[in-house]
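J.: Mind folding the following:
(2 chains)
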Amino acid sequence: AQRVTQPEKLLSVFKGAPVELKCNYSYSGSPELFWYVQYSRQRLQLLLRHISRESIKGFTADLNKGETSFHLKKPFAQEEDSAMYYCALRGPYYGGSQGNLIFGKGTKLSVKP
Amino acid sequence: GAGVSQSPSNKVTEKGKDVELRCDPISGHTALYWYRQRLGQGLEFLIYFQGNSAPDKSGLPSDRFSAERTGESVSTLTIQRTQQEDSAVYLCASSLDSYEAFFGQGTRLTVV
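T.: Coordinates of the predicted model:
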């Protein structure tokens, strides 16, 4: 069964410090992995996806199949990065359709001035 | 509208009553998801609809919970005989392709 684990419930760093939000997954196959973010009083929204290999708002995430990880990183945290971050995995396809979207429990990032 | 719309935004109900939550997905989106977000907790998967396929109901916590979707449009999540532990924000999301899911603003349910 597919599973997403975010071991840290809360991560607190100072502005300008590097940040890494951990995500490990369990999946039998080639996964599609995502990071979603929820800023205070805003809707949950996509931050980045592994297939795009992009950097959004200074964040990057690399899929490591050997370690089954998809950690989110930023070299210099900013106060506006404070938010709830969710790692997500798209499950198996069936009948040619997209699969289910499973989320981890989330990590609350707090960036202090 | 351009985004996923959920109604009501807030719902206060008495323990034991039934409630119905509504989700209007983005037009044309074939996939629709329901999640529950308890205070201070993460996203808990409830149910997933994909086109005309049988829904994935594996996340529904009890038989008091059910959901329907009419074709590729509106979905309703029904909670019967509500309990205080049902208090949470219920989130709906829809997606078209295999990339991005768009979320609604959620329905905050309070059972008193």
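J.: Let me see the backbone angles for residue A:38.
T.: When read as degrees, to the nearest 10, the backbone of residue A:38 gives phi -130, psi 100.
J.: and what of residue A:52?
T.: Backbone torsions of residue A:52, given as degrees, to the nearest 10, read phi -80, psi -20.
J.: Same question for residue A:50.
T.: phi -70, psi -30.
J.: how about stretch B:15-32 against chain A, any contact?
T.: Yes - Stretch B:15-32 reaches chain A (C-beta under 8 Å from any C-beta of the partner chain) through B:30-31. (Glycine included, C-beta is placed from N, CA and C.)
J.: Would you indicate which residues of that stretch are buried?
T.: Residues of stretch B:15-32 classed as buried: B:19, B:21, B:23-26, B:29-32 (neighbour count, 16 or more other C-beta atoms under 10 Å in any protein chain shown).
J.: out of these, which one sits closest to residue A:107?
T.: If you rank the buried residues of stretch B:15-32 by distance to residue A:107 using C-beta to C-beta, residue B:31 comes first, at 25.3 Å.
J.: Skipping its backbone neighbours, what lies nearest residue B:100 in space?
T.: Counting by C-beta to C-beta, 6 or more residues apart in numbering or on different chains, residue A:46 is the residue found nearest to residue B:100 once chain neighbours are left out, at 4.7 Å.
J.: Next one: residue A:48 from residue A:6, what distance?
T.: 16 Å (C-beta to C-beta, to the nearest Å).
J.: shaky segments in chain A?
T.: Within chain A, the stretches with pLDDT under 70 are A:92-98.
J.: Help me confirm that residue A:5 comes into contact with residue A:102.
T.: No - shown here, residue A:5 and residue A:102 do not form a contact pair, counting by C-beta atoms under 8 Å, at 10.9 Å.
J.: out of the two, which sits in the busier spot?
T.: More crowded of residue A:5 and residue A:102, by other C-beta atoms under 10 Å in any protein chain shown: residue A:102, with 23 against 14.
J.: May I ask which helix or strand encompasses that one?
T.: In the assignment (DSSP states H and E), residue A:102 maps to strand A:101-103.
J.: If you count contacts, what does that strand end up packed against?
T.: If contacts are counted by 3 or more C-beta pairs under 8 Å, 6 or more residues apart in numbering or on different chains; DSSP states H and E, strand A:101-103 sits against strand A:3-5, strand A:83-90, strand B:43-50.
J.: so what strands line up beside the second one?
T.: The reference is to strand A:83-90. In the sheet, strand A:83-90 lines up against strand A:32-38 (antiparallel), strand A:101-103 (antiparallel), strand A:107-112 (antiparallel) (DSSP bridges).
J.: Residue 64: neighbour count?
T.: Just going to use chain A. When neighbours are defined as other C-beta under 10 Å, residue A:64 has 11 of them.
J.: Actually, chain B is the one I wanted.
T.: Neighbourhood size, residue B:64 [other C-beta under 10 Å]: 14.
J.: next one: residue B:41
T.: Residues near residue B:41, counting by other C-beta under 10 Å: 13.
J.: what residue is smack in the middle of chain B?
T.: Residue closest to the average C-alpha location in chain B (C-alpha atoms, centre = their mean): residue B:34, at 3.6 Å.
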